[in-house]
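[1] Build me a model from this:
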Amino acid sequence: MKITTLSAILIVSALTFSCKKKKEAPLLLPAAANTAHVNKMTAKINGVGWAMISNGYGDGYFTFKALNNLTFGSESSFSNPYSSIIINLKDTAGIFALTKAGNNNANYSDENFISYSSLTGSINISSIDTVGAGATLIKKLKATFSFSTDTINGKSFKITEGIIDFEKGN
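    Alright, predicted model coming up:
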């Protein structure tokens, strides 16, 4: 009986230790490479997608200071025909009305270079950073916007779902 009990203990022990799953080394993924920030300005113009041109040579944006406002704008192409969206804004985060006159306003220029001014709309600036003496350039701008334009020759535009995600490189 002792042999049988001893045999049973050995068999159970052997099964217990041999059936345990070996711990596998955790899968290590390669470190994510630092990728450059891709600047973008997108919107829908009367329901149709619109995007700032961006290619290996650069982005189709411009930024400068005029009077007391900063200006951020972009183009849809580096060659004709192209359209553009230009927004004049203060260097402060917050939600601001986009009107035809005033400190915060916007323009949409179509492929015929006709400029339509914002009548109503808004811009929500979640972050803005400027550089230069007297804040002459925008270094970083993250915002959403929408506006409706005035009517010229029976034509007007509704700009919706606008997004600006801009960071100026060194």
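
[2] Which parts of this structure are strands?
    Using DSSP state E, the strands assigned to the chain run over residues 40-45, 48-51, 54-55, 58-59, 61-66, 69-75, 84-89, 94-97, 105-109, 115-131, 137-149, 158-167.

[3] Buried residues, the second one. List them.
    In terms of neighbour count (16 or more other C-beta atoms under 10 Å), strand 48-51 has its buried residues at Trp50. The C-beta positions use only the backbone N, C-alpha and C, and glycine is treated the same way.

[4] Direction included, what does that strand pair up with?
    strand 40-45 (antiparallel) (DSSP bridges).

[5] can you list the weak-confidence ranges in the protein?
    1-37, 55-59, 66-68, 132-136, 169-170 (pLDDT under 70).

[6] Find the nearest non-adjacent residue to Val38, please.
    Ser54 (6.5 Å; C-beta to C-beta, 6 or more residues apart in numbering).

[7] which residue sits closest to Glu75, ignoring its sequence neighbours?
    Gly60 (4.1 Å).

[8] and the one you found, how many neighbours?
    19 (other C-beta atoms under 10 Å).

[9] picking up where we left off before, so the residue nearest to Val38 touches Thr42, yeah?
    No - proximity of Ser54 to Thr42 does not meet the contact threshold set by C-beta atoms under 8 Å, at 10.4 Å.
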